[in-house]
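> Just to be clear, the model below is a prediction. Sequence and coordinates:
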Amino acid sequence: LSIRRQRQMCIRDRYETMNGTESMKNKESTELLNQLLRGEFPDENGRFGPFGGQFAPETLMPALKKLEKGVKQFLNDDSFRDELTQELQQWAGRPTGLTFAGKLSAAWDANVYIKREDLTHTGAHKINNALGQALLAKRLGAKRVVAETGAGQHGVAAAAACARVGIPCVVYMGSVDIERQSPNVDRMLQLGAEVIPVDAGDKTLRAAIDEAFRDWVAHPDDTYYIIGSVVGPHPYPLLVRELQSVIGKEAREQIIKATGHLPDSVFACVGGGSNAIGIFHAFLADTEVELVGIEAGGKSDSLGENAATLASGKPGILHGSYSMLLHDADGLVQETHSVSAGLDYPGVGPEHAFLQSIGRVTYISATDDEALEAVGECCATEGILPALESAHALVGARKWAAQNPGKTILIGLSGRGDKDMPTLSKMHKNIFKE
C-alpha cells in the first residue's frame, strides 16, 4: 500500500471508532459539540475530531505555517477587524437584509425568511471571505494572489477584493464552468483578473483547485492562495468559517428582532460549505433549532451523477484535508455532476463532516430538476432570482415545511442567479422546443 493509502486507512479507523455504536455516539456528541463551541476544534493539528488536518507537499508547509501565524496574529486583531468591518459595510454592502417571503409562506404554510447574501457587492456571500483574505494577504506581504472558482462567484469576489486592496489576481476556472458561467468570466476580466482555463481532469471546480494549488506550490514565497470555501489544509477551514460567520451572526439577530424568537429550522446549500457554515455557526449552540444542509442530488443517486458528498460519500483525503469524499473502492476521487457549478465538487469542508458525525446538522440532497423548479417558484412568487446553488436550499426548506406546518424557517440565499442565465436560457429554449 502507498503511504497516502495507509494514512487514509489509519484515519478512517479513527472515524469508524468514533461512529462505532449508537449509544457511544449519542453520549459523545454533546461533549464534542461543546468542545467545538469552546473553540477546542480545530485542535493543534487542525482537526475537527478525525476530520481536517494538513496533508500538503513539503514545499507548501512554510507557506501554510506563515498563514497559520498570520491567522493567529490578525484574525482577532482590533485594527484588522476594524478595517474589515468598515470595508464590509462601506464597500461590500453589509449587513445584508432579511426578507419575509410572504407568498412562499402562504404556499408552504410556514413563516419563511430569507437571508439575502445575493444583495452583497458582487452578488454572493463569497465577498465576505475574499475581502478578508485579500486584506490578510496584503498584511502578509503577498505580491500576487491566486484563486479558484466554479460558479464564478468566488472568482469575481477575489478579483474585486484584489482590485480594492491593490494586488494582482489570477483565477483558475474549469473550461466546463467557463462555458456555463460566462457572465462571471467577463466580470472577472473587467475587474482586472487573469482568468486561466483548466482543461485537465473534470474541467470543473475540483480541477480548478488542483491548478491553483500547483501554482501556489510553484510560487510559495510571493503568492497567497485565496481559497473559496471551508476546504483545504488547516488553517483554511477555520479562516473561511470565521470570515463567513458574519452571515449567521446578522441573521440570528435579525430574525429574533423580526419574530421575537429563534427560527425552528435553518437551511443552506452545501458544496464546499462556506455559505452553510457561515449561517449555521451562530445557531450551533441553539440545539432546538434544526440545521439542514442541502447538497446537489444531480441527475440520480449513481456515483458520478451527483455531488451529494455527505449523503453518500466516504472518508478520504482531498486538497490537503481529510473529510467525506465521493470516491471508489480504490480511493480514486470520482467526477461529479450538478446543474449548479458551485456545488459540483466531490468533497466537503471537514467541519461539515464533523457536524454530520455528531448529529448536529442533517444533510440531504435536491435534484437538478427540483432546483430548477425552485428557481421558477422563487422568481414568480417573490421577485427574487436565486442562484442555482441557493435554489437547492429552497427545495429542502419546502420539503421540511410540508412535514412541519406553521413553523418559522430561515433560508440562506447564498447568491443571485444572474450568472446562471446561460444555463436557464438553455433550459427555457429546450422547453419551447418541446
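Good, I have the coordinates. Keep in mind it's a predicted model, so treat the numbers as computed, not measured.

> In the sheet, which residues pair with the closest residue to Asn306 other than its chain neighbours? Tell me.
Residue nearest to Asn306 in three dimensions, not counting chain neighbours: Gly298, with 3.3 Å by C-beta to C-beta, 6 or more residues apart in numbering. (C-beta placed from N, C-alpha, C; glycine too.) Beta-bridge partners for Gly298, by DSSP bridges, are Thr367.

> show me the residues around Gly298 that make contact.
Listed by C-beta atoms under 8 Å, 6 or more residues apart in numbering, the contact set of Gly298 reads Glu305, Asn306, Ala307, Ala308, Thr336, His337, Ser338, Val339, Thr367, Asp368.

> now do 6 Å
By C-beta atoms under 6 Å, 6 or more residues apart in numbering, Gly298 lies in contact with Glu305, Asn306, His337, Ser338, Asp368.

> now do Gln254
By C-beta under 6 Å, 6+ apart, the residues touching Gln254 are Leu98.

> Dihedrals phi and psi, it?
Gln254 adopts backbone torsions of phi -70, psi -40, taken as degrees, to the nearest 10.

> any chance of the contacts of Gly298 in CSV, plus secondary structure?
As requested, the contacts of Gly298 are exported to CSV (DSSP: H, G, I helix; E, B strand; the rest coil):
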residue, secondary structure
Glu305, coil
Asn306, coil
His337, coil
Ser338, coil
Asp368, helix
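
> Top of those residues by number of neighbours, please.
When neighbours are taken as other C-beta atoms under 10 Å, the top entry among these is Ser338 (30 neighbours).

> Verify the stated contact: it with Ala307.
Yes. The pair Ser338 / Ala307 is scored as a contact, 4.7 Å apart, by C-beta atoms under 6 Å.

> list residues touching both of those two?
Common contacts of Ser338 and Ala307 (C-beta under 6 Å, 6+ apart): Ala296, Asp344.

> So which residues of the stretch 101-250 of the chain form strands?
Using DSSP state E, counting those that start in this stretch, the strands of the stretch 101-250 of the chain run over 111-116, 144-149, 169-174, 194-198, 223-226.

> Glu58 is nearest to which of those strands?
Closest approach to Glu58 among the strands of the stretch 101-250 of the chain is made by strand 223-226 (16.5 Å; C-beta to C-beta).

> now the closest one: how far from the chain's centre is it?
Computed by C-alpha atoms, centre = their mean, to the nearest Å, the chain-centroid distance of strand 223-226 equals 18 Å.

> likewise stretch 89-101?
Here the centre of stretch 89-101 is set off from its chain's centre by 19 Å, with C-alpha atoms, centre = their mean.

> again with stretch 206-216
Distance, centroid of stretch 206-216 to centroid of chain: 17 Å (C-alpha atoms, centre = their mean).

> Enumerate every residue touching Gly342.
By C-beta under 6 Å, 6+ apart, the contact set of Gly342 is Gly150, Ala151, Gly271, Glu389.

> what's the spacing between the first one and Ala207?
Put plainly, it is Gly150. From Gly150 across to Ala207, the span is 10 Å (C-beta to C-beta, to the nearest Å).

> Same check on the third one?
Between Gly271 and Ala207 the distance is 15 Å, computed by C-beta to C-beta.

> Same check on the last one?
Distance check for Glu389 against Ala207: by C-beta to C-beta, it reads 19 Å.

> same check, this time on the second one
In this view, Ala151 and Ala207 are 14 Å apart by C-beta to C-beta.

> So which of the two has more stuff around it?
A side-by-side neighbour count of Ala151 and Ala207, using other C-beta under 10 Å, places Ala151 first with 29 against 23.

> Phi first, then psi, for that one.
Per-residue torsions, Ala151: phi -70, psi -10 (degrees, to the nearest 10).

> Next, the contact list for it, please.
Residues in contact with Ala151 (C-beta under 6 Å, 6+ apart) are Gln181, Ala341, Gly342.

> check contacts around the second one.
Meaning Ala341. Gly150, Ala151, Asp177, Arg180, Gln181.

> repeat that for 10 Å
Ala341 makes contact with 149-153, 173-174, 176-181, 184, 204-205, 271, 387-389, 419-420, 423 under the criterion C-beta atoms under 10 Å, 6 or more residues apart in numbering.

> now it: how far from Met61?
As judged by C-beta to C-beta, Ala341 and Met61 stand 31 Å apart.

> nearest residue to Leu325 other than its sequence neighbours?
Gly316 (4.1 Å).

> Now the common contact residues for Gly150 and Ala207.
Contact criterion C-beta under 10 Å, 6+ apart; residues bridging Gly150 and Ala207 by contacting each: Met173, Gly174, Val176, Asp177.

> give me every residue that touches the third one.
Think Val176. If a contact means C-beta under 10 Å, 6+ apart, then Val176 has Gly150, Pro197, Val198, Asp199, Asp202, Lys203, Thr204, Leu205, Ala207, Ala341, Asp344 as its contacts.

> Go through those and flag which are in helices.
Using DSSP state H, the subset of those located in helices is Leu205, Ala207.

> Please, where are all the strands along the stretch 251-400 of the chain?
Using DSSP E, counting those that start in this stretch, the strands of the stretch 251-400 of the chain run over residues 265-269, 290-298, 314-318, 321-325, 361-367.

> Deepest in the core, which of the ones you listed is it.
Mean neighbour count (mean count of other C-beta atoms under 10 Å) peaks for strand 265-269 among the strands of the stretch 251-400 of the chain, with a mean of 30.

> who's in contact with the residue nearest to Asp286 when sequence neighbours are not counted?
Distances taken as C-beta to C-beta, 6+ apart put Leu262 closest to Asp286, at 5.6 Å, once the chain neighbours are dropped. By C-beta under 10 Å, 6+ apart, the contact list for Leu262 reads Arg252, Ile255, Ile256, Phe283, Asp286, Glu288, Val289, Thr408, Leu410.

> Can you tell me how far Leu262 is from Thr408?
Using C-beta to C-beta, Leu262 is found at 8 Å from Thr408.

> what residues do these two have in common as contacts?
Residues touching both Leu262 and Thr408 by C-beta under 10 Å, 6+ apart: Ile255, Val289.

> Narrow the contacts of Leu262 to those that are buried.
With burial judged by 16 or more other C-beta atoms under 10 Å, the buried subset of the contacts of Leu262 is Arg252, Ile255, Phe283, Val289, Thr408, Leu410.
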